[in-house]
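*Asks:* Just need the structure, nothing else, for what follows:
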Amino acid sequence: MLRVGLTGGIGAGKSAVSRLLAERGAVVIDSDVLAREVVARGTDGLAAVVETFGDVLTPEGELDRPAVGRLVFGDAEARRKLEAIIHPRVRARAAEIEAAAPAEAVVVHDIPLLVETGQADRFDLVLVVDVPPELQLKRLTELRGMSAEEAGQRIASQARREDRLAAADVVVDNSGSLADLERRVDEVWTELSRRTGAGDGGHGTDTKG
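*Replies:* Numbering: from 1, shown residues only. Below is the predicted model of the structure:
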């Protein structure tokens with residue numbers, strides 16, 4: 001099994017790379033999906049959020065995400081409390097899914113805050129989807145409807161581009177077309193498949209570009 005950590009700044013196109021890898025046969029574990037799952041209605045995760053932050057539920061008993069977002073945005077201590085509830089549960093669920101994967105699988109953990117949470121060393125290989133900051137800003141304003149100020153704040157709240165690249169074993173440049181991205185993912189998939197079962201643990205093969 002080859003364990004891959006996949007990350008990238010907001011607007012870089014990490015989700016597109018994740019989808020393309022899944023299409024090629026990777027077992028993708030999406031931490032954003034799991035983060036919603038572990039605080040779904042009726043979970044102990046949701047109970048812990050309510051105990052910590054008060055009544056942050058919708059009338060249907062679901063987590064009121066915008067309300068929680070307002071509580072933790074710009075409040076580092078509140079964000080740490082929320083992460084202390086969610087992150088361990090996400091990692092435990094990811095471990096369960098990984099344990100059920102075939103022994104020869106390429107398992108891709110899609111983690112937006114992989115660098116920020118210091119998880120790079122947990123994987124055999126770290127794959128970073130990269131675009132220049134100006135392209136991130138353009139995509140967030142034009143495709144997601146954010147204001148320039150909001151987009152800038154979201155970018156600034158994540159790890160610096162230089163820090164993500166420093167953690168990368170493999171870099172996927174997504175500043176071109178979808179066809180360009182598909183060609184690059186094909187190259188990466190060939191490399192990942194070659195390494196599967198080779199017993200090459202730790203950071204080693206450098207295929208940046």
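
*Asks:* elements contacting the helix of greatest length in the chain?
*Replies:* Counting by DSSP state H, the longest helix found in the chain is helix 76-99. Judged by 3 or more CB pairs under 8 Å, 6 or more residues apart in numbering; DSSP states H and E, helix 76-99 is in contact with strand 27-30, helix 31-37, helix 44-53, helix 65-72, strand 106-110. For every residue, glycine as well, the C-beta is placed using N, CA and C.

*Asks:* Contacts for stretch 29-36 next, please.
*Replies:* By CB atoms under 8 Å, 6 or more residues apart in numbering, the residues outside stretch 29-36 that reach it are 18, 86, 89-90, 93-94, 97-98, 107-112.

*Asks:* returning to that earlier point: tell me the angle the longest helix of the chain makes with strand 106-110.
*Replies:* Computed with axes from the mean of the first three to the mean of the last three CA atoms, to 10 degrees, the direction of helix 76-99 lies at 160 degrees from that of strand 106-110.

*Asks:* show me where pLDDT drops low in the chain?
*Replies:* 197-209 (pLDDT under 70).

*Asks:* hey, which of the helices and strands packed on helix 76-99 is tucked in deepest?
*Replies:* The highest mean neighbour count among those, using mean count of other CB atoms under 10 Å, belongs to strand 106-110: a mean of 25.

*Asks:* Just the residues contacting it, thanks.
*Replies:* Identification of contacts with strand 106-110 by CB under 8 Å, 6+ apart yields 1-7, 14-15, 18, 21-22, 25-32, 94, 98, 101, 123, 127, 189, 192-193, 196.

*Asks:* Quick one, which of those residues are buried?
*Replies:* 2-7, 14, 18, 21, 26-31, 94, 123, 127, 189, 192, 196 (16 or more other CB atoms under 10 Å).

*Asks:* Cool, thanks, signing off.
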